[in-house]
Structures are given as C-alpha cells and as structure tokens.
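**Q** Quick one: sequence and predicted model below, then my questions.
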Amino acid sequence: MTASGAAEVPWLATPTGALALSQLVLVWMLVMYVTISNRPLLPRGADTARKPTHLDNVGVIVIGRATLMLVGVCALFRPATFGAIAGTVAVSIAAAAVTWARAWLAQAKLGHDIAIGPKFAAELEILATSLFVGVAARTIEHTHASIAPLLLLPLSETRLAIIATTAGTYLFAAYGGAHIVRGVLEKATVLPRIARTPLSTPAADASPETVAAAQPLDTLEYNRGRLIGMIERVMLLTLVAAGSYEALGFITAAKGLIRSRDLENRAFAEYFLIGTLTSVALTLPLGLLVRAAIRHW
C-alpha cells in the first residue's frame, strides 16, 4: 500500500515496465532467430545426414547468443543503477542457460535411440521462450529496471511497448513457428520423404519411425513448405489481429485449392493438414495477443 492508501501498481503494469519487458523479448527474438538461428534451413537437395557446421556446435551457439544478449541488454538498460546491473547479469545468464538447455536437449536421447530434439522440438521451442520471458519479467519486476527505447520515435512508452510486442510476436510466429510445426510433423512422422526402393525389406514389426527414417527427407518440398508456412502465419496473425476471422478460412481453402492434386496423395495430405492446422493453432493466440496490445494504442 502507498502512503495515500491506494494499491501499488505492479512495475510490469506501468508503461516503463511494459516497455522494458517487450524490448527484452524483442531482443531475445532477434538473437534467437535472426542473428544466430536455431537451425538453418536444410540445403536444397541435401539429405538429413548433412555435414555439421559451426552453427551445430552447442558451445558456439551458447557463447554467441549469450554475448549478443549481453551487448543488447547493456545497450538497453539505463546505467548507474543497481537494477540495471542486476538486470544485465540476470537476463544474460538466463539467455545462456536457456540456450544451452535447449541445444543440449535437442541432442539428448531417451533410452537408446529415441532422440528428444526431433520428437519434442515444438515443446522445447515453447518452453525456451516461456522460460526467458518469465525470467525477464521477474527481473524487471523485482529490480524496477528501466530500459532505453530501441526506436527513437516521438511516441509514448506505451506505444513503443506495443510496437516492440507486435514485432516480437511476428518474429516468433514466423521463425519460432517454423520449428514448432517441424516438431509436430516429426512427432506425427509425416515429413515429406523421397520414395525409393529399399535395399532390404523392413521387418514386419518395424515401427513407422524406422520405416520413415530409411527414406531421405525431401528437403526441396520441406523448404518450400516451410517458406509457405512462414508467410501463411504472418498473414493469419495479421488477420486475427485485425479481427478478420472470416478470412482465415479463405486463406486455408485457397492454399488447399492450389495443392488440390497433391492432396490426392494420402501422405502429402496428412503432411499438409497437420502443418496447416498447427500454424492456425499457433497464430490464433498470438494474433489475439497483438490485438489486445493494439487496443491500448
């Protein structure tokens, strides 16, 4: 309670606190997806057993993202306050820890041959982002830290926070959504594969995962679908944020009409349907978040 008897407003509910959190999350999205991607697009025509690059090294990823986050946070937090120092250290440590945990889990295995990453990529992506947002929110709330605006525009802190929130949400929908959809497709074992005659007949009791793994990934179709999916999620997010819900069905129907002949193939139809429904399920809540933020403009 304050001296006047009114309830104290949580720091995150103030324009300054909201701006701090929204910009930290935006920096996280930029570092996570734009500067050092979680996983680069598969090269066209390549097999899944591609040659590892330096971006596949967990240490390089962790150090790279932690360094970029540290630079970004130091540039944002206003200096000469305990909150700024505590916030810089806490958020940078959180970025490094979350990045390391996600990269390690992506390579870890359950049992002898069940890789965590491919089957739980969607859960890992959502968990990593949620953990960082939670740590950043608690850090800002407890330190009452303030952040310099990223955009030097003659706008209020509330409007700058709305812009940062919207930009971060679009990045997560487009790039983070690609990893989430990939994880769901992996879990359902419906990624496009290049059909070829196996050298040996699979055992009668072989699992669908084993049979699918024997066929190389159709990276041309996958990369094409991934790009289409990113554009689709941006469009769906925009429509939901604008309240044009009736147009969602039109886009989905138009997408199905273009690929109508391919949908006669059951395997492709399942790949198409699961990917599309996952994109819609992801963009609906994100679009409502942007819509709610815009209302405070």
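**A** Structure's in. What do you need?
**Q** Would you map the strands across the protein?
**A** Using DSSP state E, the strands of the chain run over residues 109-110, 114-115.
**Q** For the first one, the averaged confidence score.
**A** Averaged over strand 109-110, pLDDT sits at 58.
**Q** tell me, how many neighbours does the closest residue to residue 235 other than its chain neighbours end up with?
**A** Spatial nearest neighbour of residue 235, chain neighbours left out: residue 251 (6.1 Å); criterion: Cβ to Cβ, 6 or more residues apart in numbering. Yep, even glycine has a C-beta here, placed from its N, CA and C like the rest. Neighbourhood size, residue 251 [other Cβ atoms under 10 Å]: 15.
**Q** can you check the one 5 residues further on too?
**A** Here the count is done by other Cβ under 10 Å, and residue 256 has 15 residues near it.
**Q** and what of residue 141?
**A** Residue neighbour count, defined by other Cβ under 10 Å, stands at 16 for residue 141.
**Q** Does it touch residue 9 like I think?
**A** No. Contact criterion Cβ atoms under 8 Å: residue 141 and residue 9 do not qualify, at 11.4 Å.
**Q** Which parts of this structure are helices?
**A** In the chain, the helices defined using DSSP state H lie at 15-29, 58-76, 82-107, 116-119, 121-143, 157-171, 177-188, 208-213, 219-242, 246-258, 266-294.
**Q** mind listing what's buried in the second one?
**A** Across helix 58-76, burial judged by 16 or more other Cβ atoms under 10 Å covers 61-62, 64-66, 68-70, 72-73, 76.
**Q** now the residues you listed in TSV, with pLDDT and distance to residue 235?
**A** Putting the buried residues of helix 58-76 into TSV (pLDDT from 0 to 100; distance: Cβ to Cβ, whole Å) gives the following:
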residue	pLDDT	distance to residue 235
61	70	30
62	72	34
64	77	31
65	75	29
66	75	34
68	81	29
69	79	30
70	77	35
72	79	29
73	77	32
76	76	31
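**Q** That'll do, ta.
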